[in-house]
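> generate coordinates for the sequence data below:
(chains A and B)
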Amino acid sequence: MSFLRKLLAVINKDIAAEMHTREIISAMLVFSLLQLLIFSFALDLHAAIAETVAPGVLWATIVFAGTLGLNRSLAREQRNSCIDGLLLAPMSRSAIFFGKVAGNFLFMVLVEAALVPLFSALFGVALFRLSVLLVLGLGTLGYASVGTLMAAIAVNTRAREVMLPVLLFPLALPVLIGAVQATGGLVSGGSLVDVAAWVRVLVVYDLVITAVSLVTFGYVLEG
Amino acid sequence: MRGSDNYLAQHLLTVGSGLVMLVALGMVFLYAPREAVMGDVQRIFYFHVASAWVGFFGFFVTFLAGVGYLLSGQRRWDVLALSSVEVGVTFITMTVVTGSLWAKPAWGTYWTWEPRLTISAVQLLIYVAYLMLRGSVEGREQRARFSSVYGIVAFVTVPLSWFAIRWWRTIHPDILTGGDQMAIAPRMIHTLLVSIGAFTLLYAALLSLRMKLEWTSDELIRMRLKLERRSRG
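Have a look, this model is predicted:
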């Protein structure tokens, strides 16, 4: 079996499990809708300020909702020792890692697909552009990557729900800064060239963090 | 566990770091000239920079110790990583506090999102999370493995955060810190170097004491287990 097919097998397993339980997507979706509600009251989000604060609100929503999905995705492996089954399967740790990252990325993107049109409609901000979607994808990829590693650690701790954001947020800071700045630049009328520096931050972060997470992921699983 | 040579070396290190620290203090207040614009307040700079350096160095040691642990699985690497984080967190806290103390008279506010100050605060949060992680993992081997991974990944993100924060500040220029270039006299550089040396020695002294404490605690656990086994007959 080639690497790609093993990878797809892990993703398929996650999708199949999600189709049965719907626990990851539903949790993230409902939570992000509630966050939108809270942010619109907390910040008094009307058209005049929407353009300035929208990128921050959007990414805060994604980051917070993301921890829910990441936690569940790895807690699912922990339950009934599913992770042992995965480790026994004839595939490398990197296939497991990339499979889990891809699954988490997919679930987060699905939630964003619902969030973005709603966000545009509610706050009158044009997010449905290819450049914004690219930034969303890059930011989500880096977040899902480091998030998968941190969730794999956090589910083995005593206070798992608390541990994940505590571990993850300070490490995801470059993603958050880069993504908010790039989205902000695009929303206020700039093109991809104008926000190239921030896109570069995201790309570099994605590459570096995926490489480091890949190398260390095996050590988290063993034992 | 350790011979009397180590005992002597430990004492020399502790006393030596104390003496060099006294020299540094003397230089900060007596040798270094008064800064023209900021006045005496600027003297906090020597310890501020020195503690920032030690904090960063401590986290670098933790990164290396994490790599060492993952490759070898030896307890001593984990003891080194833990001890270095604890000492590093102490110094980085000092950096953030002295930074705010300096910011108030210099720029009229306790906190500015100045990149160097911000990255110190970010590092403080990261390594407090590291210590929280250690506190909530059962089992020594698993704890060592997880914290090694976290120490490595965390250290790699710090430079990325640094660049992101710096670019973020250039987009939102800080009026408060603008144009406040400090003119560095040679005597200031001497004082800074001696301060950094003193703080590095202090780091080494605290690190070796903290590591010794951890070994002693290991020894105590071992003795207790032995005693329990014996009393059971």
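> report the separation between the most far-flung residue of chain A relative to its centre and chain B.
No residue in chain A sits farther from the centre than A:A48, which is 29.1 Å out by CA atoms, centre = their mean. Distance, A:A48 to chain B, using CB to the nearest CB, to the nearest Å: 20 Å. Where you see a C-beta, it was placed from the backbone N, CA and C, and this is true even at glycine.
> and that residue, what's its pLDDT?
In this model, A:A48 is scored at 76, pLDDT.
> run the chain-centre distance for the lengthiest helix in chain B.
Ranked by residue count and defined by DSSP state H, the top helix of chain B is helix B:186-231. Put simply, helix B:186-231 sits 13 Å off its chain's centre (CA atoms, centre = their mean, to the nearest Å).
> what helices and strands are in contact with it?
Under the contact criterion of 3 or more CB pairs under 8 Å, 6 or more residues apart in numbering or on different chains; DSSP states H and E, helix B:186-231 touches helix B:4-26, helix B:44-72, helix B:75-107.
> turn these into JSON lines, columns for mean pLDDT.
Below are the helices and strands packed on helix B:186-231 laid out as JSON lines (pLDDT from 0 to 100):
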{"stretch": "helix B:4-26", "mean pLDDT": "87"}
{"stretch": "helix B:44-72", "mean pLDDT": "94"}
{"stretch": "helix B:75-107", "mean pLDDT": "93"}
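> closest to A:L8 out of those?
helix B:44-72 (29.2 Å; CB to CB).
> could you pull out the buried residues of the closest one?
B:44-59, B:61-70 (16 or more other CB atoms under 10 Å in any protein chain shown).
> can you find the helix or strand of chain A with the lowest average pLDDT?
Within chain A, no helix or strand scores below helix A:82-88, which has a mean of 84 by mean pLDDT, DSSP states H and E.
> now do the residue farthest from the centre of chain A against A:V204, distance only.
Distance of A:A48 to A:V204, given as CB to CB, to the nearest Å: 35 Å.
> so does the least confident helix or strand of chain A get close to chain B?
No - counting by CB under 8 Å from any CB of the partner chain, chain B has no neighbours in helix A:82-88; the shortest distance is 13.5 Å.
> contacts for that helix next, please.
Applying CB atoms under 8 Å, 6 or more residues apart in numbering or on different chains, the contact partners of helix A:82-88 are A:V10, A:R76, A:E77, A:I96, A:L221, A:E222.
> among these, which one lies nearest to chain B?
Using CB to the nearest CB, A:E222 comes nearest to chain B of those, at 7.7 Å.
> for the closest one, give me its contacts.
By CB under 8 Å, 6+ apart, A:E222 lies in contact with A:L87, B:R145.
> which pLDDT value goes with B:T177?
49.
> element containing B:T109, please.
Assigned by DSSP states H and E, B:T109 belongs to neither a helix nor a strand.
> over to the one 10 residues further on?
With elements taken from DSSP H and E, the one containing B:I119 is helix B:115-135.
> mind checking if that helix is in reach of chain A?
Yes - judged by CB under 8 Å from any CB, helix B:115-135 comes into contact with chain A through B:V122, B:L125, B:I126, B:A129, B:M132, B:L133.
> what's the third one in contact with, if anything?
What that stands for is B:I126. So B:I126 contacts A:P170, A:L171, B:A154, B:T157, B:V158 (CB under 8 Å, 6+ apart).
> give me the buried subset of these.
Buried members of these, scored by 16+ other CB under 10 Å, are A:P170, A:L171, B:A154, B:T157, B:V158.
> can you list which of those are found in helices?
Per DSSP H, helices hold the following members of these: A:P170, A:L171, B:A154, B:T157, B:V158.
> give me the spatial nearest neighbour of A:L118, chain neighbours excluded.
Distances taken as CB to CB, 6 or more residues apart in numbering or on different chains place A:L36 nearest to A:L118, at 7.3 Å, with adjacent residues excluded.
> which residues of chain B lie near chain A?
Going by CB under 8 Å from any CB, the residues of chain B near chain A are B:70, B:122, B:125-126, B:129, B:132-133, B:136-138, B:141-142, B:145-146, B:148-150, B:152-154, B:156-157, B:160-161, B:163-165, B:167-168, B:171.
> of those residues, grab the buried ones for PyMOL.
To isolate the buried members of the residues of chain B next to chain A in PyMOL, using 16+ other CB under 10 Å:
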select buried, chain B and resi 70+122+125+126+129+132+133+136+137+142+145+146+148+149+150+152+153+154+156+157+160+161+163+164+165+167+168
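> can you list the residues of chain A near chain B?
Along chain A, the residues adjacent to chain B under the rule CB under 8 Å from any CB are A:146, A:149, A:153, A:156-159, A:163, A:166-167, A:170-171, A:173-174, A:177-178, A:181, A:197-198, A:201, A:204-205, A:208-209, A:212-213, A:216, A:219-220, A:222-223.
> so which of those residues belong to helices?
Using DSSP H, the residues of chain A next to chain B in helices are A:146, A:149, A:153, A:163, A:166-167, A:170-171, A:173-174, A:177-178, A:181, A:197-198, A:201, A:204-205, A:208-209, A:212-213, A:216, A:219-220.
> can you pull the contacts of A:G184?
Shown in contact with A:G184 (CB under 8 Å, 6+ apart): A:T52, A:P55, A:G56.
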